[in-house]
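J.: okay, structure incoming, though there's no sequence with it:
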Ligand SMILES: CC(=O)N[C@H](C=O)[C@@H](O)[C@H](O)[C@H](O)COP(=O)(O)O
């Protein structure tokens, strides 16, 4: 296994993302968020946007999973080969991209996208999947790592309140590539449970790095007793 993946085995990856129009959507702030997460024990960072990726790669010494969310198409996580190449050029160690079976906006298949990226750069590829069928197809297409990232966001599976544990179990049982659990991991107990189910690593975003959502959880608890 690649040295980059070895560093992530059995560890926590923290996703540092702010969304368009939000107060924290500033690359320097995401860089500092990443530094804070690494201080807390994160073995890797997941980051969105070329500037955020480049800054976090320069500021930390942990593997960075990069993605570029762009466009109005349902496939919006690093949707085309050009986006994937740009993410690699920004310095990401792992390029995360939409790993579903849906048509991609540039007309390429996932396999063509991964092959094209590999011709350009020596990077690992994480396929963000929404179902077991996605994960099996992504593995065939050449992805190095399979994420549960899009479970509940593609219409194929219900959006579970916490992580989609049924999908985790299916992917761990059926896939031969490492399964990274990502999506709605909101508590340390859920992260531990995912590891117990055979996850290679766990990605936590919102519950660590999205204070507006976390505030909303507490706001609701306080006001809707
Ligand atoms: C579906 C989608 O667009 N997921 C994105 C992927 O990068 C991010 O918005 C999520 O925050 C990330 O996957 C981490 O998940 P959570 O924030 O639930 O811990």
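T.: Looks like it arrived, so ask away. Small disclaimer: the values here were computed from a predicted structure and weren't measured.

J.: so which residues on this structure come close to the ligand?
T.: Proximity of the chain to the ligand (CB under 6 Å from any ligand atom) is limited to residues 15, 17, 67, 149-150, 153, 182-185, 203-206. In short, each C-beta sits where N, CA and C put it, glycine included.

J.: nearest residue to residue 24 in space, please, no chain neighbours.
T.: Counting by CB to CB, 6 or more residues apart in numbering, the nearest residue to residue 24 once its immediate chain neighbours are dropped is residue 18, at 4.2 Å.

J.: now do the SS call for the one you found.
T.: At residue 18, secondary structure determined by DSSP: H, G, I helix; E, B strand; the rest coil is coil.

J.: residue 69 is in contact with residue 50, isn't it?
T.: No - contact between residue 69 and residue 50 fails when scored by CB atoms under 8 Å: they sit 11.2 Å apart.

J.: hang on, residue 158 is in a helix, isn't it?
T.: No - secondary structure of residue 158 (three-state DSSP): coil, not part of a helix.

J.: chain neighbours aside, what residue packs nearest to it?
T.: residue 152 (6.3 Å).

J.: and if you look at residue 179?
T.: Among residues not flanking residue 179 along the chain, residue 171 sits closest, at 4.6 Å (CB to CB, 6+ apart).

J.: in contact with that neighbour, which residues?
T.: 129, 132, 135, 146, 148, 179 (CB atoms under 8 Å, 6 or more residues apart in numbering).

J.: same check on residue 56?
T.: By CB under 8 Å, 6+ apart, the residues touching residue 56 are 16, 30-31, 34, 45, 47, 64.

J.: and the strands in this protein, which stretches?
T.: 11-16, 44-48, 64-67, 94-98, 124-128, 145-147, 179-182, 201-204 (DSSP state E).

J.: turn the ones you listed into TSV, including mean pLDDT and distance to residue 88.
T.: Below are the strands of the chain laid out as TSV (pLDDT from 0 to 100; distance: least, CB to CB, whole Å):
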stretch	mean pLDDT	distance to residue 88
strand 11-16	99	18
strand 44-48	99	13
strand 64-67	99	8
strand 94-98	99	5
strand 124-128	99	10
strand 145-147	98	15
strand 179-182	99	18
strand 201-204	99	19
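
J.: now render those as JSON lines, adding mean neighbour count.
T.: Output for the strands of the chain, formatted as JSON lines (neighbours: other CB atoms under 10 Å):
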{"stretch": "strand 11-16", "mean neighbour count": "24"}
{"stretch": "strand 44-48", "mean neighbour count": "29"}
{"stretch": "strand 64-67", "mean neighbour count": "29"}
{"stretch": "strand 94-98", "mean neighbour count": "29"}
{"stretch": "strand 124-128", "mean neighbour count": "26"}
{"stretch": "strand 145-147", "mean neighbour count": "28"}
{"stretch": "strand 179-182", "mean neighbour count": "28"}
{"stretch": "strand 201-204", "mean neighbour count": "26"}
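
J.: can you redo those as CSV with distance to residue 222?
T.: CSV is the format used below for these (distance: least, CB to CB, whole Å):
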stretch, distance to residue 222
strand 11-16, 26
strand 44-48, 30
strand 64-67, 34
strand 94-98, 35
strand 124-128, 34
strand 145-147, 34
strand 179-182, 29
strand 201-204, 23
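
J.: right, and residue 81 touches residue 118 too?
T.: No - the criterion here is CB under 8 Å, and residue 81 misses it with residue 118 at 10.7 Å.
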